[in-house]
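Chemist: With the sequence up front, the predicted model follows.
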Amino acid sequence: MKGDLLRMGMVGGGPGAFIGDVHRRAARLDGGIEPVAGAFSRDPKKSRRTGRELGLDPRRVYADAETMIEREAALPEDERIDFVTICTPNDSHFPLAKAFLEAGFHVMCEKPMTLTVEEAESLKRLVRKTRRTFGLMHNYVGYPMVKLARDLVRRGETGRIRKVVAEYSQGWLARPIEREGQRQAAWRTDPKRSGAGGCLGDIATHAAHLAEYVTGLSVREVAADLTTFVKGRRLDDDVNLLLRLSKGAKGVLHASQVAVGRENGLSIHVYGEDGALAWHQERPNELRVERLGEPTRVWRRGNDYVAAESPAAARATRLPCGHPEAFIEAFANVYLNFADTIRHRTRREKTPEVVADFPGVADGLAGMKFIAAAVRSNANNAAWEKL
């Protein structure tokens, strides 16, 4: 770290990788992070191509992560990367995160964090041992109105929560495009690279994490019905779950990647004794708030009344009301808090709660337990399974 500027490295995110470019754009948005190095592809030529497109020093564009770790660690402290972002398929998340943590680097990792619960538990111990900052990119909790929803629940707007309904519907895998050369589909439907869950691990985990973040409750048990509708596909492409949450709340979670016509339909509804909240990712700047016996209210991002109720939402807002903020900004909000946490810890300062508000290794472990329990439940005819 040089001054307040953090130097970022990346593994993955080469040519044709949608999410890697989103990470880079988001990390740079607030001016406090600079990408300086990377191993962007298993193909060295493609890695060098990405490095040229980003204007990086060719000496810091590496053929593989192992070389990157060795050479970056050998640089003076004020030149080497401060943290790495891991944007590779799921099977390499754990070994890469482990290697960079052990080499002394902070880590931002795409989700799911690992392939197994055992790997996740091991990584949690390693983060504690190395005392490095670890971030997990559950980007949807970066939206200002999601943070407002969480803070309204904390304030008691809904009263005691009775039921949570989370949905994440897409249609892009309605046909076997993994057999037609679609790279993103190919690894996501391969159990060796994606893990035990297809749709379950890819998007249902987002819905589960969102539900826990907004409500402050934890998923304790699941009853899961996982289906593979596309013939020949090896992992689930449709998920239906019942949830038992802490404090007696109940939940329903539906996720699908074969829902024809749906694009990125993530939503959450929270129902309490006194009120309810609803947020839709495709209308991210609005939060629907209802109180028993009162007119429905729609809160809109960027207004002073939002900031008055939620400092976290205010911190996550860059533009005045009426100017939409969305997907990349949500990523940027996770990066902002992750980076500021590194700065506070480097200075041995206490990290304020509003800054420490980003997903980490505990969220990653919870996600892996969620996947494992759902897979066990499905194998046992949707019997209830504890996380």
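Modeler: In hand now; what should we look at?
Chemist: got the contact list for residue 252?
Modeler: Listed by C-beta atoms under 8 Å, 6 or more residues apart in numbering, the contact partners of residue 252 are 163, 164, 165, 166, 241, 242, 243. Heads up, the C-betas are built off the backbone N, CA and C, glycines and all.
Chemist: That one: which element?
Modeler: Using DSSP states H and E, residue 252 maps to strand 250-256.
Chemist: Return the distance of residue 32 relative to residue 6.
Modeler: According to C-beta to C-beta, to the nearest Å, residue 32 stands 6 Å off from residue 6.
Chemist: Look at the two and report which has more neighbours.
Modeler: The neighbour comparison of residue 32 against residue 6 (other C-beta atoms under 10 Å) goes to residue 6, with 23 against 16.
Chemist: Would you mark the buried spots in stretch 52-72?
Modeler: For stretch 52-72, burial by neighbour count (16 or more other C-beta atoms under 10 Å) applies to 54, 56, 60, 61, 62, 65, 68, 69, 72.
Chemist: And for residue 181, the neighbour number?
Modeler: Using other C-beta under 10 Å, residue 181 is surrounded by 8 other residues.
Chemist: Need phi/psi at it.
Modeler: phi 90, psi 10 (degrees, to the nearest 10).
Chemist: And it, what's its pLDDT?
Modeler: pLDDT for residue 181: 88.
Chemist: Check residue 109 too.
Modeler: Per-residue pLDDT puts residue 109 at 98.
Chemist: That one: what's it in contact with?
Modeler: Residues in contact with residue 109 (C-beta under 8 Å, 6+ apart) are 85, 86, 93, 96, 97, 134, 135, 136, 137, 364.
Chemist: cutoff 6 Å now
Modeler: Taking C-beta atoms under 6 Å, 6 or more residues apart in numbering, we find residue 109 in contact with 86, 93, 97, 136.
Chemist: How is this protein partitioned into domains?
Modeler: As assigned by automatic domain parsing, the chain contains the domains 6-140+336-359, 142-322+366-379.
Chemist: what's the nearest residue to residue 72 if we skip its chain neighbours?
Modeler: In space, and not counting its chain neighbours, residue 72 is closest to residue 80: 4.7 Å by C-beta to C-beta, 6 or more residues apart in numbering.
Chemist: now do residue 133
Modeler: With C-beta to C-beta, 6+ apart as the criterion, residue 133 has its nearest non-adjacent residue at 4.4 Å, and that residue is residue 106.
Chemist: Over to residue 232?
Modeler: Nearest residue to residue 232 in three dimensions, chain neighbours excluded: residue 176, at 6.4 Å (C-beta to C-beta, 6+ apart).
Chemist: The one you found against residue 230, yeah?
Modeler: Yes: using C-beta atoms under 6 Å, residue 176 makes contact with residue 230 at a distance of 5.2 Å.
Chemist: need the domains of the chain in a markdown table with distance to residue 329, can you?
Modeler: Putting these into a markdown table (distance: least, C-beta to C-beta, whole Å) gives the following:
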| stretch | distance to residue 329 |
| --- | --- |
| domain 6-140+336-359 | 7 |
| domain 142-322+366-379 | 7 |
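Chemist: Helices along the stretch 101-250 of the chain, start to end?
Modeler: For the stretch 101-250 of the chain, the helices defined by DSSP state H, counting those that start in this stretch cover 117-130, 144-155, 183-188, 191-194, 199, 205-215.
Chemist: Could you export stretch 35-51 as CSV, CA atoms only?
Modeler: Taking Å, rounded to 0.1, in the frame of the first residue of the first chain, the C-alpha atoms of stretch 35-51 are listed here in CSV:
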residue,chain,number,x,y,z
PRO,A,35,-4.8,-2.9,-11.0
VAL,A,36,-1.1,-3.5,-11.5
ALA,A,37,-0.5,-7.2,-12.1
GLY,A,38,-2.3,-10.4,-13.1
ALA,A,39,-2.3,-14.0,-14.4
PHE,A,40,-5.4,-13.6,-16.4
SER,A,41,-5.6,-16.9,-18.3
ARG,A,42,-4.1,-20.4,-18.3
ASP,A,43,-3.0,-19.5,-21.8
PRO,A,44,0.0,-17.2,-21.5
LYS,A,45,-0.7,-15.5,-24.8
LYS,A,46,-4.2,-14.6,-23.6
SER,A,47,-2.9,-13.4,-20.3
ARG,A,48,-0.4,-11.1,-22.1
ARG,A,49,-3.2,-9.8,-24.4
THR,A,50,-5.3,-8.8,-21.4
GLY,A,51,-2.3,-7.2,-19.7
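Chemist: Which parts of that stretch count as buried, going by neighbours?
Modeler: Quick answer for stretch 35-51 (16+ other C-beta under 10 Å): 35, 36, 37, 38, 39, 40, 41, 47, 48, 49, 50, 51.
Chemist: Report how many residues lie close to residue 263.
Modeler: 11.
Chemist: Doesn't it belong to a strand?
Modeler: No: looking at residue 263 with DSSP: H, G, I helix; E, B strand; the rest coil, it is coil, so not inside a strand.
Chemist: distance of it from residue 280?
Modeler: Noted for residue 263: a distance of 12 Å to residue 280, by C-beta to C-beta.
Chemist: Report back the residue of this structure that's furthest from centre.
Modeler: Largest separation from the mean C-alpha position in the chain: residue 293, at 36.1 Å (C-alpha atoms, centre = their mean).
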